[in-house]
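Colleague: sharing a model prediction with you, sequence too.
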Amino acid sequence: MTAIRKCITLILLASSVVAGCTRQHESEESVQRWTGDLADVRAQWYAEPGIDLVTGVAVPVRAYLESRLLAQYVGKIDQTYPGFDRAVTPNEPQDSPNVSARDRQPPLEYPLAAPLFGNITYHIQAIERSGRDVTVTVCNFNYAVAKEHDGKFVAFNNLGPIESRGVNTFRVLLTAPADESTSALSPQAGPANSPENDVFGEWQVTGFLVATGTEYVKSHWPNFEADLAACVTKVPDPLERRAFLLNGEHPRSDFPTSPPSPGWPEGAGQ
């Protein structure tokens, strides 16, 4: 290859890299999250005393679970937050002995058929560490989310007994950065519905479990029944209020949409 041809080849390669980066950047900017069927749904986060929601492991956990919800309900993986595809590796086969790795990517087969309204709430129940391995147990409450039916609003979750309906619990398994102090972000809170940049940092999501009661989950989450029962005790609203929302038709005002809490910083947010 002559010197001229070498130069042309290098220029073309450089141009391809720049164009690829530009397309990826433009693609990321064009993604509209919390719109369409989820335009009137917002995420609310709480935690046990001593757990910080805006720094540390809570940040990638929030980003991961909100990303799962968006991708699953919209049916598109590009709804996940920036950095998700790097921080969350593909699922292992359904016969993998690593049970939590079977479903760490969200299912996309059954997107919403109609808009939802209201607030979906998460409560970080516990954070357990063993070296760089971190397990975060999260309560999930969706009894305050509704779908519209002939101008009236009915609870989206209509299965199970009233006491536990709309209550679930998840486990998110992560690998911490080698040095968490050097990879720390600024506090992740603000008025935005989603982060504009990668807030996963050097955290890796290695597994996901949901307390469905199936035997294969029980074998890897022996105390899931106790964790689920604990989540029932952490529901923000009393049973009477939940029973009211979960039964019958309602006006839109019974399922208000609040600003996200703690939300995400506007702009760079880093």
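Modeller: Yep, it's here.
Colleague: C-alpha from now on. contacts and neighbour counts both.
Modeller: Fine.
Colleague: in this structure, which strand is the longest?
Modeller: Longest strand in the chain, counting residues (DSSP state E): strand 116-130.
Colleague: run the chain-centre distance for stretch 125-137.
Modeller: Distance of stretch 125-137 from its chain centroid, counting by C-alpha atoms, centre = their mean, to the nearest Å, is 17 Å.
Colleague: again, but for stretch 242-251
Modeller: 26 Å.
Colleague: and stretch 154-173, by the same measure?
Modeller: Distance of stretch 154-173 from its chain centroid, counting by C-alpha atoms, centre = their mean, is 16 Å.
Colleague: that one: which residues count as buried?
Modeller: For stretch 154-173, the buried set under the neighbour-count rule, 16 or more other C-alpha atoms under 10 Å, comprises 154-157, 162, 164-173.
Colleague: same check, this time on stretch 187-201
Modeller: Quick answer for stretch 187-201 (16+ other C-alpha under 10 Å): 187-190, 192-201.
Colleague: same thing with stretch 228-240?
Modeller: Residues of stretch 228-240 classed as buried by neighbour count (16+ other C-alpha under 10 Å): 228, 231-232, 234-235.
Colleague: just for this protein, where's the confidence low?
Modeller: 1-29, 212-216, 268-270 (pLDDT under 70).
Colleague: surely S194 meets W264?
Modeller: Yes - judged on C-alpha atoms under 8 Å, S194 makes contact with W264 at a distance of 5.7 Å.
Colleague: find the residue closest to I127 in space, skipping its chain neighbours.
Modeller: Excluding its sequence neighbours, the residue lying closest to I127 (C-alpha to C-alpha, 6 or more residues apart in numbering) is V136, at 4.6 Å.
Colleague: hey, where'd the helices end up in the stretch 101-250 of the chain?
Modeller: Ranges of helices within the stretch 101-250 of the chain are 215-220, 224-233, 239-246, based on DSSP state H, counting those that start in this stretch.
Colleague: how far off strand 116-130 does the second one point, in degrees?
Modeller: Pointing back at helix 224-233 there. Put simply, helix 224-233 runs at 130 degrees to strand 116-130, going by axes from the mean of the first three to the mean of the last three C-alpha atoms, to 10 degrees.
Colleague: and helix 224-233, what does it pack onto?
Modeller: Counting contacts by 3 or more C-alpha pairs under 8 Å, 6 or more residues apart in numbering; DSSP states H and E, helix 224-233 packs against strand 133-141, strand 167-175.
Colleague: I'd like these as a markdown table, with distance to P107 appended.
Modeller: Formatted as a markdown table, the helices and strands packed on helix 224-233 follow (distance: least, C-alpha to C-alpha, whole Å):
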| stretch | distance to P107 |
| --- | --- |
| strand 133-141 | 17 |
| strand 167-175 | 15 |
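Colleague: ok so, going back, could the buried residues of stretch 228-240 be laid out in JSON lines, adding distance to A211?
Modeller: Shown next, in JSON lines, are those (distance: C-alpha to C-alpha, whole Å):
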{"residue": "L228", "distance to A211": "7"}
{"residue": "C231", "distance to A211": "11"}
{"residue": "V232", "distance to A211": "13"}
{"residue": "K234", "distance to A211": "16"}
{"residue": "V235", "distance to A211": "16"}
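Colleague: just give me the closest of the residues you listed to S253.
Modeller: The closest of the buried residues of stretch 228-240 to S253 turns out to be V235 (C-alpha to C-alpha; 20.3 Å).
Colleague: ok, and the closest non-adjacent residue to that closest one?
Modeller: Per C-alpha to C-alpha, 6+ apart, closest to V235 is F141, 7.1 Å.
Colleague: gap between S194 and N157?
Modeller: Separation of S194 from N157 (C-alpha to C-alpha, to the nearest Å) stands at 24 Å.
Colleague: cheers, nothing more for now.
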